[in-house]
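**Student:** Just to be clear, the model below is a prediction. Sequence and coordinates:
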Amino acid sequence: MNVIRTPDERFENLPGFPFTPHYVEVNGLRIHYVDEGASEVILCLHGEPSWSFLYRKMIPPLAAAHRVLAMDFAGFGRSDKYTDRHAYSFQMHRDTLAGFIEALDLQQITAVVQDWGGLIGLTVAAQMPRRFARLVIMNTYLPAGEPLSEAFQRWRAFVERVGTNLPVGRIIQSSTVSTLADDVLAGYEAPFPDAGYKAGAAAWPLLVPMNSDDPGAAEMLAARQALSTWEKPVLVMFSDGDPITRGGDAWFRRLIPGTREQPDITIKDAGHYLQEDKGEEIAQHILEFMGRTPL
């Protein structure tokens, strides 16, 4: 498979993102991550079509008290990118995240997941429970082949139509409540100099299982079953302005026993990319959650 790497100059002078890049090789790919602070491990996982830049408002307050890592999935951010859309699969992303955790020997992880970061991150947490101490679940789901929302189906059809001509900045802006500055939009577009770099972004929406025998459906069904007996602390925080994942917060709270001792939190006036709209507020909720649930 042909692999390309976004030129470093694309990431110069990004607003609010002064973090030193770190890299680790996982399954033949160079994977980028932010690594700031010390103490307990917080692992932040992005979704489609964003990258660790999405967490830039959350990293400083979290890193003041803990060690914060924000990984870029293969095909996104500063991580290596396949040029062939068919190189991307649920299993490849799962193996990348599991390999990343093992390569850095991360323990007692507080996972912060959103969008595809939840589909992959929660699956890996269910498969590697001894490495995880807490879960923070935001605007995501664990689809196992049942019918999904009309909003998601419209989104999937749009991506299928435009393919690697995906307008990344416009997508981020359309799914946030805040009006984003031009340099912020450029930050989201930085990993993708042209359409040739967008195979991963074009692939992810089409990898969501639409039928029970689609790749990933069985793994996410198994993750649901594991989470239904999960007793470790779980904080669920969904925004009030995301039509794609609306109702998922109540679904996770019914499913996971570990949510029952935590407050019901809704992030108000925020869209799908709630980290962009309310990053500092979300970081404070996470710090309070970790304070309530010491290791």
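**Tutor:** Happy to help now that I have it. Remember, predicted model here, so these are calculated numbers, not experimental data.

**Student:** Need the phi and psi values for residue 26.
**Tutor:** phi -130, psi 120 (degrees, to the nearest 10).

**Student:** check contacts around it.
**Tutor:** 95, 96, 99, 100, 103 (Cβ atoms under 8 Å, 6 or more residues apart in numbering). For glycine as for every other residue, the C-beta is placed from the backbone atoms N, C-alpha and C.

**Student:** In PyMOL, how would I select just the buried ones from those residues?
**Tutor:** Selection of buried members from the contacts of residue 26 for PyMOL, criterion 16 or more other Cβ atoms under 10 Å:
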select buried, resi 95+96+99+100
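
**Student:** just curious, which of the contacts of residue 26 is nearest to residue 141?
**Tutor:** Checking those against residue 141 by Cβ to Cβ gives residue 96 as the nearest, at 20.3 Å.

**Student:** returning to what we had before: got the contacts of residue 26 as CSV, with pLDDT and secondary structure columns?
**Tutor:** Output for the contacts of residue 26, formatted as CSV (pLDDT from 0 to 100; DSSP: H, G, I helix; E, B strand; the rest coil):
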residue, pLDDT, secondary structure
95, 98, helix
96, 98, helix
99, 98, helix
100, 98, helix
103, 98, helix
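
**Student:** now the contacts of residue 26 as a markdown table including distance to residue 33?
**Tutor:** As requested, the contacts of residue 26 are exported to a markdown table (distance: Cβ to Cβ, whole Å):
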| residue | distance to residue 33 |
| --- | --- |
| 95 | 16 |
| 96 | 11 |
| 99 | 12 |
| 100 | 7 |
| 103 | 10 |
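
**Student:** Could you check how far the closest residue to residue 87 other than its chain neighbours is from residue 283?
**Tutor:** Distance criterion Cβ to Cβ, 6 or more residues apart in numbering; nearest residue to residue 87, sequence neighbours excluded, is residue 1 at 4.6 Å. The gap separating residue 1 from residue 283 is 37 Å, by Cβ to Cβ, to the nearest Å.

**Student:** One more: residue 188?
**Tutor:** When residue 188 is compared with residue 283 (using Cβ to Cβ), they lie 20 Å apart.

**Student:** Please apply the same query to residue 148.
**Tutor:** Where residue 283 is concerned, residue 148 sits at a distance of 30 Å (Cβ to Cβ).

**Student:** More neighbours: the two, which one.
**Tutor:** Applying other Cβ atoms under 10 Å to residue 148 and residue 283 shows that residue 283 carries more neighbours, namely 24 against 16.

**Student:** residues touching that one, list them.
**Tutor:** Applying Cβ under 8 Å, 6+ apart, the residues near residue 283 are 57, 58, 61, 62.

**Student:** try residue 31
**Tutor:** 23, 24, 25, 71, 72, 74, 79, 80, 96, 100.

**Student:** pLDDT wise, what is residue 147 at?
**Tutor:** Looking at residue 147, its pLDDT stands at 89.

**Student:** Next, count neighbours for it.
**Tutor:** By other Cβ under 10 Å, the burial measure for residue 147, its neighbour count, is 9.

**Student:** just for the stretch 51-200 of the chain, where's the confidence low?
**Tutor:** Low-confidence segments of the stretch 51-200 of the chain (pLDDT under 70): none present.

**Student:** pretty sure residue 193 contacts residue 8?
**Tutor:** No. Taking contacts as Cβ atoms under 8 Å, residue 193 lies outside contact range of residue 8: 11.7 Å.

**Student:** Compare these two (neighbour count), which wins?
**Tutor:** For residue 193 versus residue 8, the count of surrounding residues by other Cβ under 10 Å is larger for residue 193: 14 against 9.

**Student:** got a list of what the more buried one touches?
**Tutor:** 6, 7, 10.

**Student:** Could you check the lengthiest helix in the chain and say which residues are buried?
**Tutor:** Longest helix in the chain, counting residues (DSSP state H): helix 274-292. Across helix 274-292, burial judged by 16+ other Cβ under 10 Å covers 274-279, 281-283, 285-287, 289-290.

**Student:** Can you report how many residues neighbour residue 151?
**Tutor:** 14.
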